[in-house]
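S.K.: just to be clear, the model below is a prediction. Sequence and coordinates:
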Amino acid sequence: MADSTFYQNRECEYFPCHKSANADRFSCLFCYCPLYTLGDRCGGNFTYTETGIKDCSNCLIPHRRENYEKILEKMDGVIDLARKKSP
């Protein structure tokens, strides 16, 4: 059975995209963090730039196999943000 909690793309020109990461443990499954849109409620190790842009370059949460379930647990919040609101 395939492991759906971990994926690597060592052929990617950015692999690993976080330079402090351990390449052997680095998962590309969530290449772009699905929790980014939660802003300060994502639970990650982020900062904001001087212009107010969220900077996740110090966060490895979506790139570690052991955080897979944590990501899924927060997806309801992402879905709520994307849900069409009644006028």
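M.R.: That came through fine.

S.K.: tell me which element Leu81 is part of?
M.R.: Secondary structure from DSSP states H and E places Leu81 in helix 75-82.

S.K.: what's the nearest residue to Phe46 once chain neighbours are set aside in contact with, if anything?
M.R.: Take Phe46 and drop its neighbours on the chain: the residue closest to it by C-beta to C-beta, 6 or more residues apart in numbering is Cys56, 4.8 Å away. Glycine gets a C-beta too; all of them are placed from N, C-alpha and C. For Cys56, the set of contacting residues under the criterion of C-beta atoms under 8 Å, 6 or more residues apart in numbering consists of 33, 36, 44-46.

S.K.: farthest pair in those residues?
M.R.: Considering C-beta to C-beta, no two members of those lie farther apart than Tyr36 and Asn45, which are separated by 13.0 Å.

S.K.: which one of those two has more residues nearby?
M.R.: Neighbours were counted for Tyr36 and for Asn45 using other C-beta atoms under 10 Å; Tyr36 has more, 16 against 11.

S.K.: contact partners for that one?
M.R.: With C-beta under 8 Å, 6+ apart as the criterion, the residues that contact Tyr36 are 42, 54, 56.

S.K.: distance check, the second one against Leu38.
M.R.: From Lys54 across to Leu38, the span is 10 Å (C-beta to C-beta, to the nearest Å).

S.K.: and Ser86, how far from Gly43?
M.R.: Between Ser86 and Gly43 the distance, using C-beta to C-beta, works out to 29 Å.

S.K.: just give the closest residue to the most centrally placed residue in the chain, not the sequence neighbours.
M.R.: For the chain, the residue sitting closest to the mean C-alpha position, by C-alpha atoms, centre = their mean, is Cys33 at 2.6 Å. For Cys33, the nearest residue in space outside its immediate sequence neighbours is Pro62; the separation is 4.4 Å by C-beta to C-beta, 6+ apart.

S.K.: how near is the one you found to Pro87?
M.R.: Plainly put, Pro62 is 34 Å away from Pro87 if you go by C-beta to C-beta.

S.K.: got a list of contacts for the helix or strand containing Glu69?
M.R.: When elements are defined using DSSP H and E, Glu69 is found to belong to helix 68-73. For helix 68-73, the external contacting residues (C-beta under 8 Å, 6+ apart) are 5-6, 29-30, 34-35, 43, 61-62.
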